[in-house]
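Trainee: Generate a structure from the sequence data that follows.
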Amino acid sequence: MNRYMITREKIKGQEYLISALYDEKKHMIEVLPEAAGETSLLGNIYVGKVENIVTNLNAAFVKIAPDIRCYLPLSDVKNPVFTRKLSQTKALAAGDELLVQVSREALKTKDPAVTTNLTIAGTYAVLTSGNRKKSVSSKVKGEARERLVKLVEQTAGEYGVILRTNAAEASDETVLLELEVLSERYETMAEAAAHKNCYTLVYREEAGWLRHIRDLRKDDLEEIVTDDRGMFEDICSACRIHKQALTTGGSVPVPVDDVMTADGIRIRYYKDPALSLGALYSVRSELKNALSERVWLKSGAYLVIQPTEALTVVDVNTGKNVAKKEMQENFLRVNKEAAEEIARQLRLRNLSGMVLVDFINLTSKSAEEELLKTFRAALQKDPVPAQLIDMTALGLVEVTRKKIKRPLHEIFPDGLGSVSYTHLTLPT
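Mentor: Below you'll find the predicted structure:
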């Protein structure tokens, strides 16, 4: 079972809020560093203004602020919500004002990307304005899928609904109640937006760390822990734990530091003055490893991960693994171990776009197929869409991963420097 940790660290004089997901062995598998004072545009909905249409790119550039220009693929424009339409045609035109949602952060020289397919996400469901299909996450299987398919087909409204993986563990009443809340939120926003000026922010997405928690698979999460009392209470509120449950009764109320959600997830406020939460979870060493070019495997082999401007290259080397007997069988074992670790590293480092992997050469076609099957299964654990395309004639495995957030090496381009844990004096 996984654990989720939220703490603060000072890196090169800058304070960062570090929220990270750890596996049962306390290995970091996903991390979201947010610099203090920095606000993300991701998920926000604005009244945008079309600056121009670029036919050869099949895209439009839309401004969401006087100094913020965003990229909008025309293929993505379905059922747009206009607040001001200059021409009589349905096609997008320069000067039109419409609702757009930031779907990708700015990456190096690339502008942020926006979409007209507005999404309002909850723990169990996602409401969409552009894609109006009613569907269930492909990760839900068996009887749970059959139940949810029947449930989603009953929903009404001129918008689409996607039931998330977490819905499989929730009751029908819980899912329907959340859908009602999401639809009210969307309708209120859409009605208000019709009377708003250009560049107005009409919907602000939750803080990155709260959104991160909301999107986690609840059936694989054991605990959420933080050393910030305010965040502890915000997490409890997001998990539908009433504020009254956070203090004991009696003449002198005492704060409660440990609660359980209806999903069986423990939420804990950490306050050990002898050892900071960052030190307990080895945040510094985990981040350093995630920024390192070389990653050692248990077998003695290692990976070399090199992000470039165009793509990311991963090389698998035998390293200290020098088994002489049954060489091809050993190479397959090493490659399968590498495939699992590469999938984890892509998620941890948030590497996206095109990825080329040079595995150790295998002579057997069946061995190659077994390796690709292992790699595909590992990539499916990633909440960000990642797809194994194929193996080229040169033996390179092609992978694509959707670009949504900045990769870790762009957040810390010069590494961590000399980092020390922030030892907080916490209240007892």
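Trainee: and the residue with the largest distance to the centre of the chain, what helix or strand is that in?
Mentor: Largest separation from the mean C-alpha position in the chain: residue 251, at 43.9 Å (C-alpha atoms, centre = their mean). Using DSSP states H and E, residue 251 is not contained in any helix or strand.
Trainee: what does residue 188 give?
Mentor: helix 172-193.
Trainee: can you map out the helices along this protein?
Mentor: With DSSP state H applied, the chain shows helices at 142-153, 172-193, 208-215, 229-238, 277-280, 283-291, 327-349, 365-379, 408-411, listed in chain order.
Trainee: Would you mind putting these into JSON lines with mean pLDDT alongside?
Mentor: Rendered in JSON lines, the data for the helices of the chain read as follows (pLDDT from 0 to 100):
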{"stretch": "helix 142-153", "mean pLDDT": "92"}
{"stretch": "helix 172-193", "mean pLDDT": "90"}
{"stretch": "helix 208-215", "mean pLDDT": "86"}
{"stretch": "helix 229-238", "mean pLDDT": "91"}
{"stretch": "helix 277-280", "mean pLDDT": "94"}
{"stretch": "helix 283-291", "mean pLDDT": "93"}
{"stretch": "helix 327-349", "mean pLDDT": "94"}
{"stretch": "helix 365-379", "mean pLDDT": "95"}
{"stretch": "helix 408-411", "mean pLDDT": "92"}
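Trainee: For these, please prepare TSV with the additional fields distance to residue 113 and mean neighbour count.
Mentor: Backbone N, C-alpha and C define where each C-beta goes, glycine included. TSV is the format used below for these (distance: least, C-beta to C-beta, whole Å; neighbours: other C-beta atoms under 10 Å):
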stretch	distance to residue 113	mean neighbour count
helix 142-153	28	15
helix 172-193	20	16
helix 208-215	17	18
helix 229-238	27	18
helix 277-280	33	20
helix 283-291	25	19
helix 327-349	20	20
helix 365-379	22	16
helix 408-411	16	18
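Trainee: who wins for proximity to residue 258 among these?
Mentor: Closest approach to residue 258 among the helices of the chain (C-beta to C-beta): helix 229-238, 9.7 Å.
Trainee: quick revisit: what's the spacing between the residue farthest from the centre of the chain and residue 242?
Mentor: Relative to residue 242, residue 251 is positioned 21 Å away (C-beta to C-beta, to the nearest Å).
Trainee: I'd like to know which of the helices of the chain is closest to residue 129.
Mentor: Using C-beta to C-beta, the helices of the chain put helix 172-193 closest to residue 129, at 7.1 Å.
Trainee: What lies in contact with that closest one?
Mentor: 45, 47, 81, 83, 99, 118, 120-125, 127, 129, 147-148, 151, 155, 157, 159, 161, 163, 167, 200, 202-203 (C-beta atoms under 8 Å, 6 or more residues apart in numbering).
Trainee: again, 6 Å this time
Mentor: Residues lying outside helix 172-193 but in contact with it, judged by C-beta atoms under 6 Å, 6 or more residues apart in numbering, are 83, 99, 120, 122, 124, 125, 127, 151, 157, 167, 202, 203.
Trainee: if I pick the fifth one, what's in contact with it?
Mentor: With contacts taken as C-beta under 6 Å, 6+ apart, residue 124 has the following neighbours: 164, 166, 167, 170, 175, 178.
Trainee: possible to save those residues as TSV with distance to residue 234?
Mentor: Compiled in TSV, those are given as follows (distance: C-beta to C-beta, whole Å):
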residue	distance to residue 234
164	21
166	19
167	23
170	21
175	23
178	18
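Trainee: now the nearest residue to residue 197 once chain neighbours are set aside: how far from residue 78?
Mentor: With C-beta to C-beta, 6 or more residues apart in numbering as the measure, residue 47 is the residue that lies nearest to residue 197, at 6.9 Å, once sequence neighbours are left out. Counting by C-beta to C-beta, the gap between residue 47 and residue 78 amounts to 18 Å.
Trainee: Next, residue 392: phi, psi?
Mentor: phi -80, psi 170 (degrees, to the nearest 10).
Trainee: okay, now it: neighbour count?
Mentor: By the measure other C-beta atoms under 10 Å, the count of residues near residue 392 is 10.
Trainee: and it, how far is that from residue 358?
Mentor: Taking C-beta to C-beta as the measure, residue 392 and residue 358 are separated by 10 Å.
Trainee: ditto for residue 138
Mentor: Residue 138 sits 30 Å away from residue 358 when distances are taken as C-beta to C-beta.
Trainee: Compare these two (neighbour count), which wins?
Mentor: Each of residue 138 and residue 358 had its neighbours counted (other C-beta under 10 Å), and the higher figure belongs to residue 358 (15 against 9).
Trainee: That one contacts residue 312, correct?
Mentor: No: taking contacts as C-beta atoms under 6 Å, residue 358 lies outside contact range of residue 312: 11.8 Å.
Trainee: check contacts around the nearest residue to residue 139 once chain neighbours are set aside.
Mentor: The shortest distance from residue 139 to any non-neighbouring residue, by C-beta to C-beta, 6+ apart, is to residue 165 (4.8 Å). Under the criterion of C-beta under 6 Å, 6+ apart, the neighbours of residue 165 are 137, 139, 140, 217.
Trainee: Filter the residues you listed down to the buried ones, ChimeraX style.
Mentor: What follows is the ChimeraX syntax selecting those of those that are buried according to 16 or more other C-beta atoms under 10 Å:
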select :137,140,217
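Trainee: Return the closest of the contacts of residue 165 with respect to residue 327.
Mentor: Of all the contacts of residue 165, residue 139 has the smallest distance to residue 327: 37.1 Å, by C-beta to C-beta.
Trainee: what's across from residue 266 in the sheet?
Mentor: Beta-bridge pairing of residue 266, defined through DSSP bridges, involves residue 223, residue 260.
Trainee: contacts for stretch 223-234?
Mentor: 3, 4, 5, 6, 7, 235, 266, 267, 268, 269, 270, 277.
Trainee: Mind picking the two most distant members of those residues?
Mentor: That would be 7 and 266, which, of the contacts of stretch 223-234, are the farthest apart (C-beta to C-beta) at 16.8 Å.
Trainee: quick one, which of the two is more surrounded?
Mentor: Neighbours of residue 7 and residue 266, each counted by other C-beta under 10 Å, are more numerous for residue 7; the result is 25 against 14.
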